[in-house]
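**Student:** sharing a model prediction with you, sequence too.
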Amino acid sequence: MGKTILVVDDSSIMRKMIKQTLIGAGHTVVGEAKSGDDAVALYQDLKPELVTMDITMRGMDGIAAAKAILSLDGDAKIIMLSNLDEDKFSQEAAQVGARGYINKHKTAEILDLIDRL
């Protein structure tokens, strides 16, 4: 059974690609956000089962947004998706409570992690 997911990325092209991947795998994208501020607000309104979160965005970045969401809901499931240095940012993502850090172009790994959550 698919999950309800909020997709957060400042790039409309990346949001579209992630959304198509998720929908193709049977998940429901309940919302899209292009900033951390929007992500926090939408999370409160939509209460998705999972959030895919980009790290680098204008204004509130993905790490700060993940912290904010987790402060509102300690059970939130957030997966960080980025093209940045995996060693550095995967540790930072884990420290804030994200459930994983995956390169946004590795769709099979993203879907596998979602299925395990």
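**Tutor:** Sure, I can see it. From a predicted model like this one, the values you see are computed outputs, not experimental measurements.

**Student:** any idea which helix or strand of this structure has the worst average confidence?
**Tutor:** Within the chain, confidence by mean pLDDT, DSSP states H and E is lowest for helix 86-96 among all helices and strands, at a mean of 76.

**Student:** pull out the buried residues from the next helix or strand after it.
**Tutor:** Moving toward the C-terminus from helix 86-96, the next helix or strand (DSSP states H and E) is strand 100-103. When burial is assessed from 16 or more other CB atoms under 10 Å, strand 100-103 yields the following buried residues: 100, 101, 102. Any C-beta I mention is one placed from the backbone N, CA and C, and that applies to glycine too.

**Student:** could you say what helices and strands the helix or strand following strand 100-103 packs with?
**Tutor:** Following strand 100-103 in sequence order, the next helix or strand is helix 107-116 (DSSP H and E). When contacts are defined as 3 or more CB pairs under 8 Å, 6 or more residues apart in numbering; DSSP states H and E, helix 107-116 packs onto helix 12-24, strand 78-82, strand 100-103.

**Student:** need the pLDDT of the spatially most central residue of the chain.
**Tutor:** In the chain, the residue lying closest to the centroid (CA atoms, centre = their mean) is residue 52, at 1.4 Å. We have a pLDDT of 97 for residue 52.

**Student:** now do residue 106
**Tutor:** Looking at residue 106, its pLDDT is 88.

**Student:** ok, it to residue 83 distance?
**Tutor:** 10 Å (CB to CB, to the nearest Å).

**Student:** repeat that for residue 114.
**Tutor:** Distance from residue 114 to residue 83, counting by CB to CB: 19 Å.
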